[in-house]
Each structure stands twice: as C-alpha cells, then as structure tokens.
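[1] next comes the sequence, and after it the predicted model I'd like to discuss.
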Amino acid sequence: MRPATSLARQVGWQRLVQRFAFRFLSNVVALFVASLVFGGIDHGGFWTLVLAGLVFSVVNAVVRPLVILLALPAVILTLGLALLLVNALMLWLTGQIVGSFEVSGFWTAVGGAVIVWLANTALEAILRPEANLSPPPGRGGA
C-alpha cells in the first residue's frame with residue numbers, strides 16, 4: 001500500500017510543479033504584454049522580466065492569499081471588485097522587490113493588473129495545462 005501512496009504524492013508534486021511552471025511562464029508573457037500596453041511598466045530587459053515573472057508568481061502564491069483573507073470584507077462588499085486592487089498591489093509589490101522592474105503610479109498598476117489578468121486568462125484558455133495531464137490516480141478517465 002505504501003508504493004501507491006508514494007506514487008500519489010509524486011504525481012501531486014509533479015502537478016504542483018507543472019502548474020507553477022506554467023503560471024511562471026504565463027506571468028512572464030503577461031508582464032511583457034502589460035509593459036507594451038503601459039509605458040509606466042518598465043523592465044530593464046529579458047532577464048529582468050524573467051525575474052519579475054518569478055517574483056510575481058511567488059508573490060501571487062504566498063502573499064496574495066493572505067491579503068485576500070485580510071481584505072475579505074471589502075471583497076464581499078464590492079462583489080469582488082476589490083480583487084482588482086489586490087492584483088494591482090501584487091504588481092506594485094513585484095516592482096518594489098525587483099529593482100529594475102518599475103510600476104509607476106496607482107492607475108498604471110490597476111491597468112497593468114487588468115492586462116496581466118487578461119493575458120493569463122487567454123494563455124490558460126489557449127494552452128489549457130490541465131487538459132494535457134492524465135487523470136489523478138484512483139479516478140478513471142472517460
């Protein structure tokens with residue numbers, strides 16, 4: 001029984017790593033698109049953009065859930081509109097952490113958050129990383 005449990009854990013970790021890698025690459029592309037649309041989002045070059053994509057992915061995975069939890073009353077009262085401000089805050093925070101990735105201004109951060117969301121949604125719809133994975137162990141695929 002132990003090998004099956006170990007296999008399930010390995011498949012779980014594999015999916016987690018694949019999802020994070022997809023999010024990371026998707027965020028790099030989305031940040032690039034946002035920098036093309038808004039002149040106030042500036043990166044120093046390709047490697048800065050890659051670093052910003054990595055930091056943005058980690059910030060979204062670690063900090064964002066905590067901020068959403070703290071802002072839950074505002075999220076509920078605004079019917080989710082406050083999530084846009086949370087996303088803008090995550091983009092601004094990425095700019096503060098990565099020195100040569102710059103987000104200048106509140107409205108640039110809000111607009112950049114919208115563009116990043118749109119780009120990530122489009123990439124997810126086109127590439128669908130979950131569709132390429134086999135069903136989890138113990139569940140039959142149809």
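    Structure received. From a predicted model like this one, the values you see are computed outputs, not experimental measurements.
[2] show me the contacts for Phe56.
    By Cβ atoms under 8 Å, 6 or more residues apart in numbering, the contact list for Phe56 reads 27, 31, 90-91, 94. (C-beta placed from N, C-alpha, C; glycine too.)
[3] and the two most separated of these?
    Leu31 and Met90 (11.5 Å; Cβ to Cβ).
[4] the two: which is more packed in?
    Leu31 (27 against 20; other Cβ atoms under 10 Å).
[5] so that one sits in a helix?
    Yes - assessed with DSSP: H, G, I helix; E, B strand; the rest coil, Leu31 lies in a helix.
[6] just name the shakiest helix or strand of this structure by mean pLDDT.
    Least confident helix or strand of the chain, by mean pLDDT, DSSP states H and E, is helix 2-37 with a mean of 85.
[7] what about the nearest residue to Phe24 once chain neighbours are set aside, neighbour count?
    Of all residues not flanking Phe24 in the chain, Ser57 sits nearest, at 4.6 Å (Cβ to Cβ, 6 or more residues apart in numbering). Ser57 has 20 neighbours, counted by other Cβ under 10 Å.
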